[in-house]
Structures are given as structure tokens and as C-alpha cells.
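Peer 1: Provide a 3D model corresponding to the input given below.
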Amino acid sequence: MSKCINVKYEGKPLYNIVIEQSFDKLAEEFDKLGVTGRKLCIVSDSNVAPLYAKYVEDQLSKTGNKIFTYVFEAGEANKNLDTVEDVYEFLIKNHFDRKDMLVALGGGVVGDLTGFTAATYLRGISFIQVPTSLLAQVDSSIGGKTGVDFRAYKNMVGAFYQPKLVYMNISVLKSLSDRLFNSGFGEIIKHGLIKDAAYYKWLRDNISNIKNRNSDALEQMIYVSCNIKREVVEKDPKEKGDRALLNYGHTLGHAIEKLMNFKLYHGECVTLGMIAALRISVNRGDIDEGAYNDAIDMFKLYDFPLNVTGITAEDVVKVSKSDKKMDAGKIKFILLKEIGNAYIDYDVTDEEMLAALKDVILCNR
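Peer 2: Purely as a prediction, here's the structure:
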């Protein structure tokens, strides 16, 4: 079965999130955009392109457009302005104009970089997202956040720029390594923690089917997570208010990610950040130790690392203050009042963060 979610902007339909079991309906969904006789550039990376670029090329060639493909070296280290410049040059040499389009085929790195390139090339050309990782399908492909890292500062350069279509083939998830597949659950569990306690419980109850990559379970999980994110971004498309709730676990998680030199996946670092945020909520009396332990058990079920070594809590706090989510010199921290109910707090102290980080950063001594 297929599912479709329409994302609106200021109450008007903006784009569809289409969830399918193959690439077979990509041409059909693309044709709804009314784009033909143009150039389409598939932007992918060296991991994804050998697996899926030919399938996507074959589908898009049915739409009456000329297909180009640009592939860059995979990895967070290449999500930077140098790679964007290389894509610009490829587009210029192939005479792409404002009515042509980009196609982001890959995980979050590919989607973020392609979206930013689209937002800035010729002051903006259209693009679509074809996410191939679980993390990208439930998070980064939705909502129009695009960007690249700048000198290891994550997503410091970017733009809000919406895709014309998000097309998900969930069968590609079966090709992911266990670790990469599991890392996507950081954002999925986050959706339950901040917005939907019933969904959070469903994730625990369906752990066996999900980890076995049962198609029906994955489809339902992705649909619910995408719908949660849709509701949030529709209310706050440019993160001026409640959309910041989606950053739960990210403030300290991004700092850990940078200090670990991106050796851990994004979802793994977000989970470490959520553990620290949960501890702050316990210390403040908002949630009890039982809820904290239940979350830890959930992270264990999805095979997340629960701690790291080789960095210090002091450095994590210091780096967190260079995060783009700072507001007038204060950290915009997301905490829980209860499972399924998050709020924004501007008064988390260094001492609170340091105390909470004791749960996730192990001393090397």
C-alpha cells in the first residue's frame, strides 16, 4: 500500500510526501508537477548512486526531461561549501537555468546539500527529495531546512527552502547496515517523546517487526513520524516558535557530534543529547526516574550507544554555545514536562548541563 501526506504552507497545499514500496511510481508523482522538456540533475553520493541512481534515472527519463547525474564522495566531511561549488560548476557547464530542477537522491547529507544548492543557484531553482536513509525519510527531507557545515560547525550555513515533492521508497531501507538503520530511530523516538506518548508506546510494542524491517510496520512508523513533523512545520515553517521542539536532544547532541569528529551517526549523537535532556527534566522534577529509565530501555532496544569517551562535559557545553540555536546569548533548550509533551526553556545553566552529561560522558581515567 502507498500513503500520501500533503504539507501546507500558510494553509495552502505546498508539496506531497509520498510513501511507496518501490521507485515505480516516481515518474507518475513527478508528472503531477507539470515539469517537462527541462533538465533534471540527480545529486547523489558515492554510497547511494551505485545502488539506486539507475532506477531513478530510468523513472525520471519517462517524464520527458533530460537527466543528468552528479555524484560526490559520501560522508559528513563533504557536506560543505566546497562540494556546493562543485555542483554549481556542474550545473553551469551543463547550462541549467531557473526552470530546471535538482533531485536529491540519498540520505540527510545529500538532501541538505542539494536543497541548499537549489536555494542558492541562480537565486533559487526547484528540487525534489528522494531520501534513502531512515533518518532522511522521517526527518531531514521534510520541512525545507537545507544547509551545509562550515569548518565543522554543523549546519551553520543554510536556508529555508521547500521541495516540490518528497518521494520515499521504503524498500531501500533493507539495504542499510544495521547501525545506519538503527541510527534513524533517534529522530523517530524523539517524535514520540516530544509530541505523542501513544506513538512512543507503539514503538516499544512493535520493536520486533520494526527491527526485522517488516514492510507494513516500517510504512506505519514512517507515516506517523512524517505526520508529526508535518504538523509541527506547518505551524512554524521557519522555526520562530514551536518548530524548535524538533531540536530535542540536538543542542548537546550536535556538540558531541562535532567533538567526536562525526565518528558517530547523527541519530546516535541526538540520542546522547536526549539522555542528557531527560536527566535535566528528572533533576527539575518534571519527569520521574521511571520515565527516564523507560527511555533508556527504549534506546537499548534500538541498539544506541548510551555513552562516549574521549571528550569532556566541559567541552560539550562550550561547543554547544556555538550552536545556531542560540538566542540572544542563551541556549534554546528543549525539555519534557512529561512523555509526549515538550517545551522550550532558556534558563538551563552550565551546571545543569554538566550534571546531566555525567550520564553520557565517561571519564577516561
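
Peer 1: The stretch 151-300 of the chain: strands as residue ranges?
Peer 2: 153-160, 165-169 (DSSP state E, counting those that start in this stretch).

Peer 1: ok, and the closest non-adjacent residue to the residue nearest in space to the middle of the chain?
Peer 2: The chain has residue 140 as the residue nearest its centroid, 2.9 Å off, counting by Cα atoms, centre = their mean. Spatially, and ignoring its direct neighbours in sequence, residue 140 is nearest to residue 108 (4.0 Å; Cβ to Cβ, 6 or more residues apart in numbering). From N, CA and C alone the C-beta is placed, and that goes for glycine too.

Peer 1: Count the residues that sit near residue 112.
Peer 2: 25 (other Cβ atoms under 10 Å).

Peer 1: hmm, I was thinking of residue 13
Peer 2: Counted with other Cβ under 10 Å, residue 13 comes out at 9.

Peer 1: what about the closest residue to residue 161 other than its chain neighbours, which SS state?
Peer 2: Nearest residue to residue 161 in three dimensions, chain neighbours excluded: residue 119, at 3.6 Å (Cβ to Cβ, 6+ apart). Secondary structure, DSSP: H, G, I helix; E, B strand; the rest coil: residue 119 is helix.

Peer 1: Isn't residue 119 up against residue 146?
Peer 2: Yes - applying Cβ atoms under 8 Å as the test, residue 119 and residue 146 come out as touching, 5.6 Å apart.

Peer 1: and for the two, which residues touch both?
Peer 2: Listed as contacting both residue 119 and residue 146 by Cβ atoms under 8 Å, 6 or more residues apart in numbering are 159, 161.

Peer 1: if you count what's nearby, which of those two comes out ahead?
Peer 2: residue 146 (26 against 19).

Peer 1: tell me which residues form a beta bridge with that one?
Peer 2: Residues in a beta bridge with residue 146, per DSSP bridges, are residue 159.

Peer 1: circling back to that earlier point, can you name the residues that contact the residue nearest to residue 161?
Peer 2: Taking Cβ under 8 Å, 6+ apart, we find residue 119 in contact with 146, 159, 161.

Peer 1: and the gap between it and residue 243?
Peer 2: From residue 119 across to residue 243, the span is 18 Å (Cβ to Cβ, to the nearest Å).

Peer 1: what does residue 146 give?
Peer 2: According to Cβ to Cβ, residue 146 and residue 243 sit 15 Å apart.

Peer 1: same question, residue 53
Peer 2: Taking Cβ to Cβ as the measure, residue 53 falls 32 Å from residue 243.

Peer 1: Next: residue 219.
Peer 2: Counting by Cβ to Cβ, the gap from residue 219 to residue 243 is 25 Å.

Peer 1: Helices of the stretch 251-365 of the chain, start to end?
Peer 2: Ranges of helices in the stretch 251-365 of the chain, per DSSP state H, counting those that start in this stretch, are 266-283, 289-301, 313-320, 350-357.

Peer 1: In the last one, which residues are buried?
Peer 2: Right, the one you point to is helix 350-357. Residues of helix 350-357 classed as buried by neighbour count (16 or more other Cβ atoms under 10 Å): 352, 353, 354, 356, 357.

Peer 1: hey, C-alpha coordinates of that helix in PDB?
Peer 2: Extracted as PDB, the C-alpha positions of helix 350-357 are listed here (Å, rounded to 0.1, in the frame of the first residue of the first chain):
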ATOM      1  CA  ASP A 350      26.000  25.300  32.600                       C
ATOM      2  CA  GLU A 351      25.800  23.400  35.900                       C
ATOM      3  CA  GLU A 352      22.700  21.600  34.900                       C
ATOM      4  CA  MET A 353      24.200  20.500  31.600                       C
ATOM      5  CA  LEU A 354      27.400  19.400  33.200                       C
ATOM      6  CA  ALA A 355      25.500  17.300  35.800                       C
ATOM      7  CA  ALA A 356      23.300  15.800  33.100                       C
ATOM      8  CA  LEU A 357      26.300  15.000  30.900                       C
END
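
Peer 1: tell me the angle of it relative to helix 313-320?
Peer 2: Here the directions of helix 350-357 and helix 313-320 differ by 120 degrees (axes from the mean of the first three to the mean of the last three Cα atoms, to 10 degrees).

Peer 1: and the angle for helix 350-357 with helix 266-283?
Peer 2: Computed by the same axes, to 10 degrees, the angle separating helix 350-357 from helix 266-283 equals 120 degrees.

Peer 1: what's helix 350-357 packed up against?
Peer 2: When contacts are defined as 3 or more Cβ pairs under 8 Å, 6 or more residues apart in numbering; DSSP states H and E, helix 350-357 sits against helix 250-259, helix 266-283, helix 313-320.

Peer 1: relative to helix 289-301, how tilted is the second one?
Peer 2: Taking the same axes, to 10 degrees, helix 266-283 and helix 289-301 form an angle of 170 degrees between their directions.

Peer 1: Just list what helix 266-283 packs against, helices and strands only.
Peer 2: If you count contacts as 3+ Cβ pairs under 8 Å, 6+ apart, helix 266-283 packs onto helix 178-183, helix 185-195, helix 250-259, helix 289-301, strand 333-338, helix 350-357.
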